[in-house]
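Colleague: coords below, sequence missing:
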């Protein structure tokens, strides 16, 4: 079996060449998008927790009556 000639477009996984330079606008846009996603997730989580607490309070009032 003959060996394949080397292909310069295929690099081994152990290649330690430096990263390509990043465009500042791309980095800032990515960070802004992640911040918006995190804020949206926080809002949804807060609303869900608030609704769950309201259900617990309603169930407690149904079983034990209103609090004095």
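Modeller: Noted; the coordinates are in hand. No experiment lies behind these values; they were computed from the predicted model shown. Numbering: from 1, shown residues only.
Colleague: per-residue confidence at residue 1?
Modeller: At residue 1 the predicted local confidence, pLDDT, stands at 64.
Colleague: and residue 2, what element?
Modeller: Counting by DSSP states H and E, no helix or strand carries residue 2.
Colleague: begin at 626, not 1, for the rest of this chat.
Modeller: Happy to do that; since the first residue is 626 now, the last one works out to residue 627.
Colleague: so who does it touch?
Modeller: Under the criterion of CB atoms under 8 Å, 6 or more residues apart in numbering, the contact list for residue 627 is empty. Using the backbone N, CA and C atoms, a C-beta is placed for each residue, glycine as well.
Colleague: show me where this protein has helices.
Modeller: 649-689 (DSSP state H).
Colleague: remind me which residues of it are low pLDDT?
Modeller: Judged against pLDDT under 70, the low-scoring parts of the chain cover residues 626, 692-693.
Colleague: could you rerun that using 80?
Modeller: Low-confidence segments of the chain, defined by pLDDT under 80: 626-629, 631, 633, 636-645, 691-693.
Colleague: residues near residue 681, how many?
Modeller: Other residues lying near residue 681 total 10 when counted by other CB atoms under 10 Å.
Colleague: cool, residue 634 as well?
Modeller: 4.
Colleague: cool, and the one 3 residues further on?
Modeller: Residue neighbour count, defined by other CB under 10 Å, stands at 6 for residue 637.
Colleague: residue 628 versus that one, what's the distance?
Modeller: The spacing between residue 637 and residue 628, counted by CB to CB, to the nearest Å, is 15 Å.
Colleague: and what of residue 665?
Modeller: For residue 665, the distance to residue 628 (CB to CB) stands at 53 Å.
Colleague: those two - which one has more neighbours?
Modeller: With other CB under 10 Å as the criterion, residue 665 and residue 628 differ in neighbour count, and residue 665 comes out ahead with 10 against 5.
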